[in-house]
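J.: Fold the following, please.
(2 chains)
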Amino acid sequence: MALLFTLLEVTPYRLRYLANATGSDNNPQSGLIVNRNLPPGPNVGDLRFDSRIWRNFPIHYLVSTLVVNQTDARRIMQGDGLISTSDIEGIRAHIYVTSLTSNFTAIWSCDVNEGAAAGDPQSAGFSVIIVNAPGGQGGAQQFAWVDIDFQHTFDR
Amino acid sequence: MPLQAFLVERTPYRLRYLVTQTGQIHEIDTLVIPNAGGPSPDLRTDASLFRNFPMHALVSQTIAISKNAALQSLIGNGRTSKADLEFPRTHLYIWARNNASGTVNWAIDVNEGSLAGDPASINHAVLVCMGPTLSGQEAYIDLVYEHSFHR
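T.: Numbering: from 1, shown residues only, chains lettered A, B, ... in the order given. Purely as a prediction, here's the structure:
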């Protein structure tokens, strides 16, 4: 069973999802927050579609930025590779995952990739978020928040 | 050293490192990110690109040889009074970028350099990262300057 995502919050500078590992599998579960710009089905997150109400604002601009590979996606979604003086004005976000529940071993994690490379052809050319969840321990569900925070100033 | 850190982002107010477990070890691994003005990764060196900005001033502070001094200087531990409001500080976070079944969690702490085992960083605060034992595990460390008490 894939991870389930519910959009919890959207502002011009933030998207927040609730991720739910259903506990139906004791192995770590993996899921994508896609970027298709299509009405998502239930329990699916879509970065462009979910931020469309802020169409002219930074969060929507960020997730609508074309990327060619994982390095590109990490640069704009995680700031990865921005170390020069001229980089301080570059567009970027930071993604955080915060566990709401815990078990004894595995942990939540998140990464980004270009859509097609991550296995979602409908998101080709755009960044997607890969969320890895711990397996359900004895069928228990696990929950986490996934935050995409737009870095609107280099003061942050 | 199986745990390795690389500077991946810096602004006048943030240092972000990617930490990777490069070995396969059998106990919790520890990595010190020093503060001695040496080659990157090094807090002072990495912040020095923005030398006149607050992050560089903060990590350059001389502190007593005590963990409490490092915690107070770098991340504001113990600053609980109203008078402490204006003291500079950072916040420190660690985020896993991948995971594997059975791994332990990442952890991040602060210490004074010589107490953390890096004599070159004596009298300066260093970061102490503890990581999982499986090769290929990755995490981001964020050191974020609190530029306003509104945050």
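
J.: Would you tell me which helix is longest in chain A?
T.: Secondary structure of chain A per DSSP state H: the longest helix is helix A:70-78.

J.: Now do the strands in chain B.
T.: Assigned by DSSP state E, chain B shows strands spanning B:3-11, B:14-21, B:29-33, B:90-96, B:107-112, B:125-131, B:138-145.

J.: Residue numbers of chain A in contact with chain B?
T.: Applying Cβ under 8 Å from any Cβ of the partner chain, we find that chain A lies next to chain B at A:27-28, A:78-85, A:87-88, A:92, A:94-97, A:105-111, A:132, A:134-135, A:154-156. No exception for glycine: its C-beta is placed from N, CA and C like everyone else's.

J.: picking up where we left off before, using a markdown table, lay out the strands of chain B together with mean neighbour count, distance to chain A and mean pLDDT.
T.: Converted to a markdown table, these look like this (neighbours: other Cβ atoms under 10 Å in any protein chain shown; distance: least, Cβ to the nearest Cβ, whole Å; pLDDT from 0 to 100):
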| stretch | mean neighbour count | distance to chain A | mean pLDDT |
| --- | --- | --- | --- |
| strand B:3-11 | 21 | 4 | 96 |
| strand B:14-21 | 23 | 6 | 95 |
| strand B:29-33 | 20 | 15 | 93 |
| strand B:90-96 | 19 | 4 | 93 |
| strand B:107-112 | 20 | 11 | 95 |
| strand B:125-131 | 24 | 11 | 94 |
| strand B:138-145 | 23 | 7 | 95 |
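
J.: and B:Lys82, how far is that from B:Leu58?
T.: Applying Cβ to Cβ, to the nearest Å, the value for B:Lys82 to B:Leu58 is 21 Å.

J.: So for the two, which sits in the more crowded spot?
T.: B:Leu58 (20 against 6; other Cβ atoms under 10 Å in any protein chain shown).

J.: Which residue ranges of chain A form helices?
T.: A:47-50, A:58-63, A:70-78.

J.: Can you pull out the residues in contact with the second one?
T.: Helix A:58-63 is contacted by residues A:10-15, A:35, A:47-48, A:51-52, A:54, A:76-77, A:91-93, A:126-127, A:148, A:150, A:152 when judged by Cβ atoms under 8 Å, 6 or more residues apart in numbering or on different chains.

J.: same deal with the shortest one?
T.: Contact partners of helix A:47-50, identified using Cβ under 8 Å, 6+ apart, comprise A:7, A:10, A:15, A:33-40, A:60, A:63-64, A:126-129, A:148.

J.: Just the buried residues out of those, in ChimeraX syntax.
T.: Of the contacts of helix A:47-50, the buried ones go into a single ChimeraX selection, burial set by 16 or more other Cβ atoms under 10 Å in any protein chain shown:
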select /A:7,10,15,33,34,35,36,37,40,60,63,64,126,127,128,129,148
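
J.: wait, what's in contact with the residue nearest the centre of chain A?
T.: In chain A, the residue lying closest to the centroid (Cα atoms, centre = their mean) is A:Ile129, at 3.5 Å. A:Ile129 makes contacts with A:32-33, A:45, A:47, A:77, A:95, A:110-112, A:146, A:148, as judged by Cβ under 8 Å, 6+ apart.

J.: Just put those residues in JSON lines and tack on distance to B:Leu115 and pLDDT.
T.: Shown next, in JSON lines, are the contacts of A:Ile129 (distance: Cβ to Cβ, whole Å; pLDDT from 0 to 100):
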{"residue": "A:Leu32", "distance to B:Leu115": "43", "pLDDT": "96"}
{"residue": "A:Ile33", "distance to B:Leu115": "42", "pLDDT": "97"}
{"residue": "A:Gly45", "distance to B:Leu115": "44", "pLDDT": "96"}
{"residue": "A:Leu47", "distance to B:Leu115": "44", "pLDDT": "97"}
{"residue": "A:Met77", "distance to B:Leu115": "36", "pLDDT": "96"}
{"residue": "A:Ile95", "distance to B:Leu115": "33", "pLDDT": "96"}
{"residue": "A:Cys110", "distance to B:Leu115": "33", "pLDDT": "94"}
{"residue": "A:Asp111", "distance to B:Leu115": "34", "pLDDT": "96"}
{"residue": "A:Val112", "distance to B:Leu115": "37", "pLDDT": "98"}
{"residue": "A:Val146", "distance to B:Leu115": "36", "pLDDT": "96"}
{"residue": "A:Ile148", "distance to B:Leu115": "37", "pLDDT": "96"}
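
J.: so what's A:Ile107 up against?
T.: So A:Ile107 contacts A:99, A:134, B:96, B:99, B:103-106 (Cβ under 8 Å, 6+ apart).
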